[in-house]
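Visitor: no FASTA, just this:
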Ligand code: PYC
């Protein structure tokens, strides 16, 4: 027996293995003059939609959702707000690549340049004829270098705090083996660091919560400059090299003089997918460009049945 049915049309894709689900129809109508205000409205008044779309039983911890919203900026195709199992993101690189591929699949945009409004600024995307997408991200920068944190159960750890559209703690000296077989241990290790940072009051600018932890190591793959493991806010690991995380890495490489403007950095994820990153200098840090590819995996309608005890997610 069913109750009142509500339908939400979504397009799913994955970018380097990391899934994105874009709401096309049936999502909440958000209010606010800016995308940042609409994001706050989503959090305050429509969190049950976030849960229904990305949490089980329709989604999973790894899924990133996105909702298209009207942008007041006439240069933008649309505004976009990304969210996950823990709450709202500020920006999402793999998600933006998924968004562009989704709109191309729907016939709403073609090869060329397109701008999107996000809660942290306008991002530009270029869709290539071969399906690759280049995302020019918001200005990214390293805030603090070599920040020590004492981590219960681990000991002292040092990392850089950087902004790439979300706040990251980037660690190169960790003694961990970045291989897929080690994902559970890597998750536990990085989660302890995440909690220790918060407990110690270590944050980004203006108390910004550092909710992404990123480990780096050399890659055995000669096509890649580095491999990473990225822990996302809700304890899932990023299957892609993480667009905002790669942006944060580029900002650190630029600050250390290890990568020059226009030089390419090939960042490999823990599952072997690669983003190509480069940057231009800017007054606020660097402007990263991340290139990747998304594949569409589903064009479907979510059914929200008011008689379903888990209608709004688990
Ligand atoms: O690609 O920026 C990204 C991202 C953030 C969280 C998951 N992916």
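Guide: Good, I have the coordinates. All figures in this text were calculated on a predicted structure; none of them were measured in a lab. Residues are numbered from 1 along each chain as shown.
Visitor: list the contacts of stretch 125-132.
Guide: Identification of contacts with stretch 125-132 by C-beta atoms under 8 Å, 6 or more residues apart in numbering yields 96-97, 99-101, 104, 109-116, 133-136, 291-293. Every C-beta, even on glycine, is put in place using the N, C-alpha and C of the backbone.
Visitor: run the last query once more with 10 Å
Guide: Stretch 125-132 is contacted by residues 77, 96-97, 99-101, 103-104, 109-116, 133-137, 276, 289-295 when judged by C-beta atoms under 10 Å, 6 or more residues apart in numbering.
Visitor: give me the subset of these touching the ligand.
Guide: Contacts with the ligand are made by none of the contacts of stretch 125-132, judged by C-beta under 6 Å from any ligand atom.
Visitor: who's the closest residue to residue 208 other than its chain neighbours bridged to?
Guide: Computed as C-beta to C-beta, 6 or more residues apart in numbering, the closest residue to residue 208 that is not its neighbour in sequence is residue 167, at 4.9 Å. In this entry, residue 167 is beta-bridged to residue 163, by DSSP bridges.
Visitor: circling back to that earlier point, among the contacts of stretch 125-132, which ones are buried?
Guide: Neighbour counting by 16 or more other C-beta atoms under 10 Å classes 77, 96-97, 99-101, 103-104, 109, 114-116, 133-137, 276, 289-294 among the contacts of stretch 125-132 as buried.
Visitor: now do the helices in this protein.
Guide: Under the criterion DSSP state H, the chain contains helices at 35-45, 47-54, 93-105, 183-199, 243-255.
Visitor: could those be laid out in a markdown table, adding mean pLDDT?
Guide: Formatted as a markdown table, those follow (pLDDT from 0 to 100):
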| stretch | mean pLDDT |
| --- | --- |
| helix 35-45 | 97 |
| helix 47-54 | 98 |
| helix 93-105 | 98 |
| helix 183-199 | 98 |
| helix 243-255 | 98 |
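Visitor: so which of those helices gets nearest residue 15?
Guide: Minimum separation from residue 15 across the helices of the chain (C-beta to C-beta) falls at helix 93-105, 3.9 Å.
Visitor: distance from the chain centre to the closest one, please.
Guide: Mean C-alpha position of helix 93-105 versus that of the full chain (C-alpha atoms, centre = their mean, to the nearest Å) differs by 12 Å.
Visitor: swap in stretch 3-12?
Guide: 24 Å.
Visitor: what of stretch 225-240?
Guide: Averaging C-alpha positions (C-alpha atoms, centre = their mean) puts stretch 225-240 10 Å from its chain's average.
Visitor: and for stretch 40-55?
Guide: Here stretch 40-55 is found 17 Å from its chain centre; the criterion is C-alpha atoms, centre = their mean.
Visitor: kindly check the end-to-end length of that stretch for me.
Guide: End-to-end distance for stretch 40-55, by C-alpha to C-alpha, to the nearest Å: 20 Å.
Visitor: now do the residue nearest to residue 208 against residue 23, distance only.
Guide: Counting by C-beta to C-beta, to the nearest Å, the gap from residue 167 to residue 23 is 25 Å.
Visitor: among the contacts of stretch 125-132, which are in strands?
Guide: Using DSSP state E, 77, 112-116, 133-136, 276, 289-292, 294-295 are the members of the contacts of stretch 125-132 that sit in strands.
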